[in-house]
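In: just coords:
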């Protein structure tokens with residue numbers, strides 16, 4: 001572990017020198033003379049006197065540096081049957097003109113723009129145009145309900161909202177414009193201006209005086225004059241991305257410009273082994289942090305080619321959809337959530353669809369968003385024959401806390417582990433009293449302050465909530481909210497959210513460890529374990545499993561109960577397994593364990609705004625309450 005270990009230890013011993021070296025990859029309009037301002041803990045600031053423009057780093061410098069005709073963005077939309085490739089020159093032209101259009105509508109440096117759009121190139125262009133103006137964008141996942149959108153509008157207080165008439169799903173069209181209109185009615189903040197991309201699948205009525213047609217704005221240099229990049233301070237916010245809050249009020253994660261650019265450029269080369277000109281595909285959504293970091297900013301800052309996919313892992317049209325995209329566009333690095341691979345595995349358990357496509361360009365499959373269970377890891381690894389890399393990070397961090405750094409030094413793969421902490425992340429496993437756990441002892445995963453560049457410096461307009469939510473549990477540490485352990489080799493195992501640890505007759509058990517056992521059964525495509533109340537033992541685990549296509553449920557419960565007893569022990573008191581058609585998930589692929597746990601315990605749980613399909617939860621309620 002020489003190369004990695006050297007860099008990792010240097011990043012903790014002298015973070016200023018480490019990140020000063022990394023900052024050389026960024027084009028600054030004013031070079032930072034100070035790397036870390038640690039005078040006001042816990043509010044640390046990176047490159048406080050630096051100045052740059054993120055859009056210019058993502059587009060202009062590549063056009064000027066000889067990549068003008070290289071593909072920058074490949075749009076692939078099986079749901080609409082369309083594709084388009086933008087070169088760096090074309091993407092710059094569209095972006096600087098839309099920046100001019102926004103400026104004409106009153107958007108300036110420091111203003112906020114809410115973007116509520118499907119996976120279309122215009123969403124990427126709108127994000128980059130905001131960055132070009134020094135404005136702050138806040139992308140809200142397309143199709144969020146009106147009251148959720150209104151809550152984000154009230155918190156972000158945008159000058160302009162950019163949206164589309166509709167989103168296109170495999171089996172339906174989702175009307176965005178009526179939800180936007182309803183949200184603006186509900187919201188207390190008065191947004192006087194909207195820009196609407198009219199899609200041919202479902203055009204919408206525009207409100208005179210408030211709504212502007214995207215294409216009409218972009219048709220003339222009078223309404224869309226090319227706008228030069230506006231330099232901003234490194235600590236000025238680039239975007240605000242909302243994540244669900246425990247109080248019901250969404251938390252606005254702030255991302256700054258300078259540290260973000262430095263960290264993402266470092267990650268592209270060292271974690272993902274990606275170079276300028278390579279094709280990189282994050283099969284996520286621009287409404288999530290993965291879309292921000294690795295559909296838009298990371299690949300473009302590097303000068304790579306990024307893929308924007310408007311489709312699903314299955315059903316657009318079949319379980320070979322991802323392999324078709326990877327083959328057709330010669331993708332080198334693919335990044336998706338384990339839930340997507342599990343969906344493919346469920347439909348095509350033998351991986352027959354893989355044989356139809358030439359995947360010789362594909363070097364890596366990266367997985368994040370939920371724990372990569374060993375069963376899914378082995379399935380993908382054996383069928384693809386390439387490294388399948390689990391890595392772990394959060395909306396709050398913006399890039400990997402732990403990974404297998406394929407561009408730096410390849411480590412031993414331990415299924416179920418996100419491998420090792422990345423430079424800048426001083427990961428500690430802590431007991432409730434703040435003492436450090438021993439090797440292989442589960443506890444709260446924390447990161448010693450300061451966090452590295454690219455991570456959240458605070459919450460939007462709420463420093464107090466930032467401290468209360470993340471920094472108050474253990475003095476001097478960021479609380480990730482996840483539990484897990486470091487083994488004797490320093491490999492990190494993330495077992496799930498700390499509220500997914502159950503207490504069975506005084507024994508603390510991770511539901512993730514039980515799920516890992518269930519997932520190894522050849523009939524199981526996907527599973528979840530929740531802790532439910534028990535009069536005698538306090539809590540007991542309960543399993544829910546989804547079967548692979550064609551698999552039988554005969555004797556399944558007995559076999560799964562026996563497997564848990566053998567691998568974990570009778571102490572788990574695991575006796576109940578239900579076979580279900582599907583598990584309720586967020587749109588980003590996280591299983592709603594907390595919601596299911598509340599329903600099983602007889603509580604009226606609010607349905608999260610991020611749920612993919614409320615009907616799945618409705619079908620589960622009678623099973624969970626039985």
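Out: That came through fine. Please read these numbers as outputs of a predicted model, since none were measured by experiment.

In: domain parsing for the chain?
Out: The record's domain split for the chain, according to automatic domain parsing, is 2-311+391-484, 505-625.

In: check contacts around residue 467.
Out: Neighbour list for residue 467: residue 42 [criterion: Cβ atoms under 8 Å, 6 or more residues apart in numbering]. (C-beta placed from N, C-alpha, C; glycine too.)

In: same question but for residue 260, I mixed them up
Out: So residue 260 contacts 54, 238, 297, 398, 453-454 (Cβ under 8 Å, 6+ apart).

In: average pLDDT across the helix or strand harbouring it?
Out: Here residue 260 sits within helix 258-270, counting by DSSP states H and E. Taken as a whole, helix 258-270 has a mean pLDDT of 98.

In: next structured bit after it?
Out: strand 279-282.

In: who does that next one pair up with?
Out: Strand pairing for strand 279-282, determined by DSSP bridges: strand 305-309 (parallel), strand 333-336 (parallel).

In: looking at those, spot the one closest to residue 194.
Out: strand 305-309 (22.7 Å; Cβ to Cβ).

In: what separates the helix ranked longest in the chain from the chain centre, distance-wise?
Out: The residue-count maximum for a helix in the chain (DSSP state H) belongs to helix 88-104. Distance, stretch centre to chain centre, for helix 88-104: 26 Å (Cα atoms, centre = their mean, to the nearest Å).

In: what helices or strands is the helix or strand just after it leaning on?
Out: Counting by DSSP H and E, the element after helix 88-104 in chain order, helix or strand, is strand 112-116. Here strand 112-116 touches helix 121-133, strand 136-139, helix 146-156, strand 160-164, going by 3 or more Cβ pairs under 8 Å, 6 or more residues apart in numbering; DSSP states H and E.

In: would you format the ones you listed as CSV with distance to residue 577 and mean pLDDT included?
Out: Shown next, in CSV, are the helices and strands packed on strand 112-116 (distance: least, Cβ to Cβ, whole Å; pLDDT from 0 to 100):
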stretch, distance to residue 577, mean pLDDT
helix 121-133, 41, 98
strand 136-139, 39, 98
helix 146-156, 34, 90
strand 160-164, 43, 98
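
In: TSV please, covering the ones you listed and showing distance to residue 418.
Out: Converted to TSV, the helices and strands packed on strand 112-116 look like this (distance: least, Cβ to Cβ, whole Å):
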stretch	distance to residue 418
helix 121-133	28
strand 136-139	26
helix 146-156	30
strand 160-164	35
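
In: out of these, which gets nearest to residue 435?
Out: Residue 435 lies closest, by Cβ to Cβ, to one member of these: helix 146-156, at 37.5 Å.

In: quick one: distance of the closest one to the chain centre.
Out: For helix 146-156, the distance to the chain centre is 20 Å (Cα atoms, centre = their mean).

In: try stretch 553-567
Out: 34 Å.

In: now that stretch: buried residues?
Out: 556-557, 559-561, 563-565 (16 or more other Cβ atoms under 10 Å).

In: from those, which ones fall inside strands?
Out: Nothing among the buried residues of stretch 553-567 maps onto strands, per DSSP state E.

In: now the helices: where do they sit in the stretch 451-600 of the chain?
Out: All helices of the stretch 451-600 of the chain, identified by DSSP state H, counting those that start in this stretch, fall at 463-466, 511-518, 556-567, 593-600.

In: out of the ones you listed, which is closest to residue 186?
Out: Nearest to residue 186, of the helices of the stretch 451-600 of the chain and by Cβ to Cβ, is helix 463-466 at 22.7 Å.

In: how about the closest one: buried residues?
Out: So helix 463-466, judged by 16+ other Cβ under 10 Å, has buried residues 465-466.

In: strands along the stretch 501-626 of the chain, start to end?
Out: 501-504, 507-510, 524-534, 538-547, 576-579 (DSSP state E, counting those that start in this stretch).
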